[in-house]
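J.: need coordinates for the below:
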Amino acid sequence: MQDVEIIIGLLAGVALLGAIAERAGLPYPPVLVLGGLLLGVIPGLPVVRLQPHLVLFGFLPPLVYAAAFKAASFDLRAQAAQILTLSTGLVALTVAVAAVVGHLVADLPWVAAVTLGALAAPTDPVSASSVMRAVGTPERILAILEGESLVNDGTGLAIFQVAVLAAAGGDISAVHDVFKFLVISVGGVTIGLAGGWLLVRLRRLQDEPSLEIILSLLAAFGPYTAASAAGCSGVLAAVATGVYAGRRAEDMSSAETRLRVEPFWDALTFVLESVLFLLIGLQLRSIVAGLSSNLGRGVAEGAVIVVAVIAARALWMFALGALRPILRKLAPARADPLSSPELTVLGFSGMRGALSLAGALSIPIIAAHHLFPARDEVIFLVYVVVIGTLVAPSLCLESLMQRLGLVGGEELRREEIGARTQIIHAGLTRLEELEEEPGVSEEAVSRLRDVLELRLQRLDARAQRQHGDGHPGDIDAAVNRLRREVIIEQRRTIAELRSERRVPAQVLADIQRDIDLEEARLH
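T.: Okay, here's the model as predicted:
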């Protein structure tokens with residue numbers, strides 16, 4: 001019964017803190033982190049005992065798969081050079097820096113120090129990307145941030161897996177463990193691509209939204225489980241599957257199915273990330289009680305590690321900027337090099353979050369019949385790193401981007417108008433071709449042409465207002481007010497039909513969904 005109460009309490013906490021974040025206009029991850037911290041110090045709340053393997057299996061696969069699926073919409077290949085340098089070289093530097101600092105400052109054994117470094121290295125794009133999308137950041141920064149987080153999650157957690165294996169073996173051998181890392185990484189990607197290929201073909205065989213959700217869950221958990229059973233990186237397998245499936249999203253399911261499946265994944269990832277932040281807060285008291293040093297010293301040690309990982313990222317970005325001319329000569333990139341403001345924002349966006357916490361909670365209590373060395377210290381220090389790299393940067397990111405001139409709302413709207421205009425013109429061209437075919441109704445062609453031309457007129461009006469050539473949007477505002485009034489009357493009529501029971505409930509539900517979509521377009 002206590003487990004049920006804890007689950008209900010966690011969901012209530014997520015709802016409350018999420019509402020506070022929305023009302024305050026703040027990104028939800030820092031609010032949830034601070035909320036979890038408060039939960040950890042409230043006396044009388046239960047201490048949650050989590051099984052590490054359940055945390056690793058229950059949280060990581062869906063979070064990683066969903067992030068990879070969404071990131072596949074970006075042109076990752078154009079930014080491949082930037083992504084690879086951040087997700088491999090920077091990860092290796094961060095692991096080394098955090099491990100050395102953890103060993104020297106916190107007196108961690110080397111196995112525990114490398115574990116700390118592997119968990120402190122992967123970045124979490126959730127807070128940064130949510131702020132960036134809200135202010136209209138150029139897509140290349142979003143693409144690099146999302147792509148980096150996906151690959152460095154895999155590389156960082158592959159190093160974490162090697163460290164856990166080393167703990168079971170009792171030693172770290174550089175050559176042997178590098179070979180292990182390569183096997184774990186390449187094997188995970190291979191299994192993920194194979195699983196993605198199979199599951200995409202299964203999804204193409206049917207188009208039922210409920211079955212699509214089940215198959216998408218299999219896409220997240222199946223390759224992860226297979227790779228883990230083979231001793232490879234389950235995280236990289238989930239990443240590979242997500243990218244493979246995301247690149248083929250429009251080919252493997254209908255528009256209606258996507259409209260139902262995508263909200264499910266948005267809700268699932270939000271709940272999992274939020275619950276993770278709160279869960280570790282509920283465990284803080286037991287973690288602090290297990291520290292070999294006092295709380296104040298643990299916080300100070302964590303602060304030193306936070307400074308070290310932030311400095312390592314800033315140094316890497318500065319080095320990229322300084323070496324930019326040399327790198328362009330050695331390996332010409334498909335995209336323009338990053339500017340100094342873009343490097344600054346990327347350096348400031350190295351936030352750690354849910355995946356680092358999930359990895360920390362998954363550290364085994366027992367490794368090869370021995371207690372994992374300094375497990376509580378590592379979990380506590382990872383939590384401090386998450387707080388230090390997530391809370392303040394996420395709250396300051398928007399103002400920093402505005403100072404650097406990277407808030408591209410107007411540019412993004414121009415690109416949207418241009419893309420929509422080009423797509424409508426393509427539809428009109430195809431309509432003209434169809435008009436010449438025998439058996440095509442002239443009235444049907446005329447009606448559809450009127451619809452498309454009306455959309456072009458609206459886009460032209462938007463473009464003129466954006467350039468200051470048009471009148472204020474009084475007409476559009478008036479039209480939207482009328483549309484809202486019409487929708488209100490339609491909803492009232494639906495309620496009457498439902499109360500009179502003259503129309504089947506499923507028919508009314510379908511009509512209600514269409515009206516909901518129409519209302520959503522107004523926002």
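J.: where does the spatially most central residue of the chain sit, in terms of helix or strand?
T.: What sits nearest the mean C-alpha location of the chain, by C-alpha atoms, centre = their mean, is Ala67, with 4.2 Å. Here Ala67, judged by DSSP states H and E, is contained in helix 52-71.
J.: before we move on, back to that, for the residue nearest to the centre of the chain, which non-adjacent residue is spatially closest?
T.: Distances taken as C-beta to C-beta, 6 or more residues apart in numbering place Leu150 nearest to Ala67, at 6.0 Å, with adjacent residues excluded. C-beta: built from backbone N, CA, C; applies to glycine.
J.: just the pLDDT at the one you found, thanks.
T.: Note on Leu150: pLDDT of 77.
J.: does Ala219 really touch Ala66, like I thought?
T.: No. Contact criterion C-beta atoms under 8 Å: Ala219 and Ala66 do not qualify, at 10.2 Å.
J.: please enumerate the strands of the stretch 101-250 of the chain.
T.: Counting by DSSP state E, counting those that start in this stretch, the stretch 101-250 of the chain has no strands to list.
J.: all the helices of it, in order from the start?
T.: Under the criterion DSSP state H, counting those that start in this stretch, the stretch 101-250 of the chain carries helices at the ranges 110-120, 126-135, 139-169, 174-204, 209-229, 234-246, 249-252.
J.: so what pLDDT did the residue of the chain most remote from its centre get?
T.: Farthest-out residue of the chain from its mean C-alpha position, per C-alpha atoms, centre = their mean: Pro438, at 49.4 Å. Confidence at Pro438, expressed as pLDDT, is 83.
J.: swap in Leu459?
T.: Per-residue confidence (pLDDT) for Leu459: 75.
J.: moving C-terminal of the host helix or strand of it, what's the next helix or strand?
T.: Assigned by DSSP H and E, Leu459 belongs to helix 442-466. Downstream of helix 442-466, the first helix or strand assigned by DSSP H and E is helix 474-500.
J.: quick one: contacts for Ile363?
T.: Ile363 makes contact with Pro52, Thr115, Val164, Phe372, Arg375, Val378, Ile379, according to C-beta atoms under 8 Å, 6 or more residues apart in numbering.
J.: out of these, which end up buried?
T.: Neighbour counting by 16 or more other C-beta atoms under 10 Å classes Pro52, Thr115, Val164, Phe372, Arg375, Val378, Ile379 among those as buried.
J.: tell me which two in those are the farthest apart.
T.: Using C-beta to C-beta, the two most remote members of those are Val164 and Ile379, lying 13.5 Å apart.
J.: so the helix holding Ala67 versus helix 209-229, what angle?
T.: 120 degrees (axes from the mean of the first three to the mean of the last three C-alpha atoms, to 10 degrees).
J.: what residues of helix 52-71 count as buried?
T.: 52, 55-71.
J.: list the helices and strands it packs on?
T.: Secondary-structure packing of helix 52-71 (3 or more C-beta pairs under 8 Å, 6 or more residues apart in numbering; DSSP states H and E): helix 139-169, helix 209-229, helix 234-246, helix 255-282, helix 354-361.
J.: which other helices and strands contact whichever strand or helix holds Ala12?
T.: Using DSSP H and E, Ala12 maps to helix 2-24. In terms of contacts (3+ C-beta pairs under 8 Å, 6+ apart), helix 2-24 is packed against helix 28-41, helix 255-282.
J.: tell me the most buried of these?
T.: Among the helices and strands packed on helix 2-24, the stretch with the highest mean neighbour count (mean count of other C-beta atoms under 10 Å) is helix 28-41, at a mean of 21.
J.: residues near Ile213, how many?
T.: Residues lying near Ile213 (other C-beta atoms under 10 Å) number 16.
J.: how near is it to Asn294?
T.: Taking C-beta to C-beta, to the nearest Å as the measure, Ile213 falls 48 Å from Asn294.
J.: what of Leu217?
T.: Here the criterion is C-beta to C-beta. By it, Leu217 lies 44 Å from Asn294.
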